[in-house]
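Enquirer: what shape does this take:
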Amino acid sequence: MKRTLLLSILFVFCGTQALAQVPEVRGRWFRLTGGDSVLVEYASPDGALAYPAVLVLSDRFGQQENVRSMLKVLAQMGFHAYAPPLRSAPLRPVSGVPSFSYDSSDAEIITQIAVDVMNRENCNGKLGLLALDAGAVVAIDIVRRFPFFKSAALLYPAGGLPVLERLLEAQTVLQLHVAQFDPECTLDDVQKLRVQFIEAGRRLHVFYYKEAHRFFFNPEHERYHRKNTQTAWNKLMDLYRSTLR
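Expert: Numbers count the residues shown, from 1 in each chain. Okay, the predicted model is just below:
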C-alpha cells in the first residue's frame, strides 16, 4: 500500500493524531510443533491493555509491502496484527495472475501461531482473520476445522465454488468480498453459495465491488482500485469491531 493511501485510511478512522503515530512492523519467531520456527511480521497498538488480534494471510504474491501496511492499519485501530508467511504464497513479483499451489501444511502452521497469539497476556483471547486470494484458501481450510476464530474476512478467494462451499462447515462470522470481474471467484459462484447458506438457515455477509478485478485490494498490482479498497476497509472494521471487542 502506498504511504499516501495508508495515511488516508488512518486519517479516516483515527483523525490527524494517527498521521504522526503510524505503528512499526516488527518480526517475532514462533516455535512450531516438531522444533521448527517461523518468523512472523506483526504490529501492535500502543498501551498495556489486552487487545484482540487479527491474522493477515497474504495473496499469492507473498509478504509484500501491502501486507505490512495492513498490519499498521489494524494496529492503529486497536488490534494486534500478525502476518505469518505462507508456503502457498512465496514472495514473487506483483503482476498479472500467476498460478499458485495450495500447501495444506499452511493451515496447521497458522493454527499453531493463532493459539500462541490467543494465549498471550496482551491479547483478549479473541481472534479474527483477514485473508486474500491464496491466503483466503488457507483461511477457509482453517475456519472449517477450528472454531476459535470469531470472524473471518475473505477477499476474492481462489478456487471457485468447490473451495467456497467448504465455508458451510465453518462456525465463524464470515465476510466475503467479491470483485465484479473475477473469473476465479465469480458472482454466480457466490450467489450459489449464498443460496446454500440460506437453505442451511445461516447468514453469509457478501460485498460486491463494481468495476473491480481480482487483487483490487493490493496497491502494488495493476488491477488495484483505490475507492473499492477504502470501502472494503470500512466493512472490515465493522466486522472486527462487532466480533472482537
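Enquirer: hey, let's count contacts and neighbours off CA atoms from now on
Expert: Noted.
Enquirer: next, the buried residues of the helix or strand hosting residue 239.
Expert: Assigned by DSSP states H and E, residue 239 belongs to helix 226-244. Across helix 226-244, burial judged by 16 or more other C-alpha atoms under 10 Å covers 228, 229, 230, 232, 233, 236, 239, 240, 243, 244.
Enquirer: that one - contacts with which helices or strands?
Expert: The contact analysis (3 or more C-alpha pairs under 8 Å, 6 or more residues apart in numbering; DSSP states H and E) places helix 226-244 against strand 123-132, strand 149-155, strand 173-181.
Enquirer: next, format those as JSON lines and append distance to residue 216.
Expert: Output for these, formatted as JSON lines (distance: least, C-alpha to C-alpha, whole Å):
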{"stretch": "strand 123-132", "distance to residue 216": "10"}
{"stretch": "strand 149-155", "distance to residue 216": "9"}
{"stretch": "strand 173-181", "distance to residue 216": "8"}
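Enquirer: please identify the most buried of these.
Expert: Comparing the helices and strands packed on helix 226-244 by mean neighbour count (mean count of other C-alpha atoms under 10 Å), strand 149-155 comes out on top with a mean of 25.
Enquirer: and it, how far from the chain's centre?
Expert: Centroid separation for strand 149-155 versus its chain: 7 Å, with C-alpha atoms, centre = their mean, to the nearest Å.
Enquirer: could you pull out the helices for this structure?
Expert: In the chain, the helices defined using DSSP state H lie at 3-14, 65-76, 105-118, 134-143, 161-164, 187-199, 226-244.
Enquirer: could I get these in a markdown table, plus columns for distance to residue 124 and mean pLDDT?
Expert: Below are those laid out as a markdown table (distance: least, C-alpha to C-alpha, whole Å; pLDDT from 0 to 100):
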| stretch | distance to residue 124 | mean pLDDT |
| --- | --- | --- |
| helix 3-14 | 22 | 56 |
| helix 65-76 | 14 | 97 |
| helix 105-118 | 7 | 96 |
| helix 134-143 | 19 | 98 |
| helix 161-164 | 30 | 97 |
| helix 187-199 | 30 | 96 |
| helix 226-244 | 9 | 98 |
